[in-house]
Structure formats: structure tokens, C-alpha cells
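A.B. asks: this one's sequence-less:
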Ligand SMILES: C[S@@+](CC[C@H](N)C(=O)[O-])C[C@H]1O[C@@H](n2cnc3c(N)ncnc32)[C@H](O)[C@@H]1O
């Protein structure tokens, strides 16, 4: 068979499998969210005997064994959990993996990104993704609001202001990412903070970044600056003053300004306005 014909057949065979990733692609995040919501990784981690059988696990998380079995089978296949023989070899049970431990919503260890999964899989965030085609096909002159604003009638921050539960979901997501990256930034940029008396974290959320920075550099006085509804629920910390306001009006005067943003190019299409593009 000619090589080009063989390549075409290979591509066809691959496509006939790959298309199912798009048909059922949502199952990955739905199952991960389910595991986080039910605290399955915690139930396995805290169970006195390992591995944890289906009967033990369904009792621990109060789930129907037959439903739970289907979820666990999928998550084992995806490499989130492991299924191994029990000690007596008569049955099998589940154990955690480094990946499932990163789905522990109760862990604040700088590794878990469970709150970020819950944020990204919230109905508020998923709905605008389904409007992607309308924004891509609209003129690129900035006259159209981002899909998030079209779906919700307001931007992300205004929605958070009106909805304290969603505000918490956002803040927890930001905080877990901060615990992952800021200790590394602090360790790598020690010189940067020598001799610095005051630092303002602009868009500092509930103060997780400054909590880490003032612990690492105790001579610093920190100003945690964010919108008033976020500052209302911010941590109260020694060495940190919480200040509410709008950064597009003014920010507290300090020696150093710290802005931490997670800029993922495709995410920008969802809710970033031109004002925020300017910042990033
Ligand atoms: C993407 S989050 C980043 C939070 C944190 N810096 C981090 O990286 O984890 C952006 C933060 O900016 C805040 N924010 C949005 N618009 C703002 C504004 N106009 N003035 C001050 N803060 C604002 C939000 O409330 C939110 O806490």
C-alpha cells in the first residue's frame, strides 16, 4: 500500500476514536467534581484500613454503592485513584494517588487545586464557554461584552459581589493557586524584598499572598487591596492592612506593587475586558 494511503487510513482510524473524546469530554471534569464534592480522596485517606473497599467507601461518603462503583471505575481508568487487591487477596479496594490528593478540598497544603476545579466547573463559569462561537464570530473591536457578561448580565466581579457563595468559590480558588506558587516566588525572589518597607497586593483577594510574604519577610508592612466585597471577607493578619477600593481609580501608595494574575490565553476570551488586557 502506498505510504500516503496508509497515513490517510491511520488518520481515519485515529479520528474514529478521538471523536468520542469530544462527545464525552465533559465526563472528566464531572467525575472529578463529584469526587471533590463527596470528599472521596479524604474518605480514602482517613480510612483506618487500606485499600478501601467499595462497601467501606460508600458507607464513608454516604453514596449508593452502584453509582459510586461507576464513578470510581471511571476515575481509576483516568488514573485519579488506584484499585488494588485487599490484603487477604479476596477483593479489591481503592487507594489515593498524588493526583487524587490534589483533589482534597480540605487540604491547604500548597498542592491541592480542588477549589480551582470547583470554580472552573461551577455553573456560573461553565455557561459562558458554551457561547464561545458567538464571541469568536463577533467583530474584534471590543464593542461586544465578553461571553461571561452576556450570559450573566454583569461581569465576574459584579456577580461575585451579588452572590456571597460564588464569591467564596472564587476566593478559595485564588487562594489555593496562591499557596501553590507564591512560596516559590518568595523563595526565588528573596533579594527583591530586602529593604522593602511596604508592599501593596493589588487584587490581593482574601490576603493569602500577603500572608505568605509577611511571614517570609516579617519587616514588610502589607496592604491587601481588593474590591470592597472581597475585603469584607479577607483574613485579618498581623502586619497586613486590608483596603477596599477600585484599582482603576487608585491604589494605596507603597514601595512595591505586587500583582499576581493567572493569564491563560484562551481564558481571556471568556471574561477579560480591554481594561484587564491592559493590565496583563
Ligand atoms: C483573578 S483574581 C486574582 C487574585 C489573586 N491576585 C491571585 O492571583 O490569586 C483578581 C482579583 O482582582 C480583584 N479585582 C477585580 N477588579 C478589581 C478592581 N477594579 N479593583 C481592585 N480589585 C479588583 C478581584 O476581586 C479578584 O480578587
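C.D. replies: Arrived safely, thanks for sending. Computed from a prediction, not measured in an experiment: that's the story for all the values here.
A.B. asks: By mean pLDDT, flag the weakest helix or strand of the protein.
C.D. replies: Of all the helices and strands that make up the chain, helix 274-279 has the lowest average by mean pLDDT, DSSP states H and E, namely a mean of 50.
A.B. asks: Once you drop chain neighbours, what's closest to the closest residue to the ligand within the stretch 151-280 of the chain?
C.D. replies: Ranking the residues of the stretch 151-280 of the chain by distance to the ligand (Cβ to the nearest ligand atom) places residue 203 first, at 2.8 Å. To be clear about C-beta, it is placed using only N, CA and C from the backbone, and glycine gets the same treatment. On the basis of Cβ to Cβ, 6 or more residues apart in numbering, the spatially nearest residue to residue 203 that is not a chain neighbour turns out to be residue 226, at 5.9 Å.
A.B. asks: count of neighbours near that neighbour?
C.D. replies: Here the count is done by other Cβ atoms under 10 Å, and residue 226 has 26 residues near it.
A.B. asks: Thought residue 200 was touching it, still the case?
C.D. replies: No: at 10.6 Å, residue 226 and residue 200 do not qualify as touching, with contact defined as Cβ atoms under 8 Å.
A.B. asks: returning to what we had before: contacts only, for the residue of the stretch 151-280 of the chain closest to the ligand.
C.D. replies: For residue 203, the residues meeting the contact criterion (Cβ atoms under 8 Å, 6 or more residues apart in numbering) are 225-226, 247, 259-261.
A.B. asks: what separates it from residue 254, distance-wise?
C.D. replies: When distances are taken as Cβ to Cβ, to the nearest Å, residue 203 and residue 254 turn out to be 14 Å apart.
A.B. asks: ok, the most centrally placed residue in the chain - contacts?
C.D. replies: In the chain, the centroid-proximal residue (Cα atoms, centre = their mean) is residue 116; its distance is 1.6 Å. The neighbourhood of residue 116, defined by Cβ under 8 Å, 6+ apart, consists of 173, 176-177.
A.B. asks: List just the nearest of those residues to residue 238.
C.D. replies: residue 176 (22.5 Å; Cβ to Cβ).
A.B. asks: Return the residues in contact with the nearest residue to that closest one once chain neighbours are set aside.
C.D. replies: What sits nearest to residue 176 in space, not counting adjacent residues and going by Cβ to Cβ, 6+ apart, is residue 115, at 4.6 Å. For residue 115, the contact set (Cβ under 8 Å, 6+ apart) comprises 105, 169, 172-173, 175-176.
A.B. asks: ok, now with 7 Å
C.D. replies: Residue 115 makes contacts with 105, 172-173, 176, as judged by Cβ atoms under 7 Å, 6 or more residues apart in numbering.
A.B. asks: same thing with residue 199?
C.D. replies: Counting by Cβ under 7 Å, 6+ apart, residue 199 touches 213, 220, 222, 254-256, 258.
A.B. asks: Now intersect these with the strands, please.
C.D. replies: In strands, judged by DSSP state E, the following of the contacts of residue 199 are found: 222, 256, 258.
A.B. asks: Highest neighbour count among these?
C.D. replies: By neighbour count, taken as other Cβ under 10 Å, the most surrounded of the ones in strands among the contacts of residue 199 turns out to be residue 222 (26 neighbours).
A.B. asks: That one contacts residue 242, doesn't it?
C.D. replies: No: contact between residue 222 and residue 242 fails when scored by Cβ atoms under 7 Å: they sit 9.5 Å apart.
A.B. asks: ok, back up a step: can you tell me which of the contacts of residue 116 are up against the ligand?
C.D. replies: Restricting the contacts of residue 116 to those near the ligand by Cβ under 6 Å from any ligand atom leaves residue 177.
A.B. asks: And the strands in the stretch 51-200 of the chain, which stretches?
C.D. replies: Remark: strands of the stretch 51-200 of the chain, listed N- to C-terminal, are 82-85, 92-95, 198-202; assignment by DSSP state E, counting those that start in this stretch.
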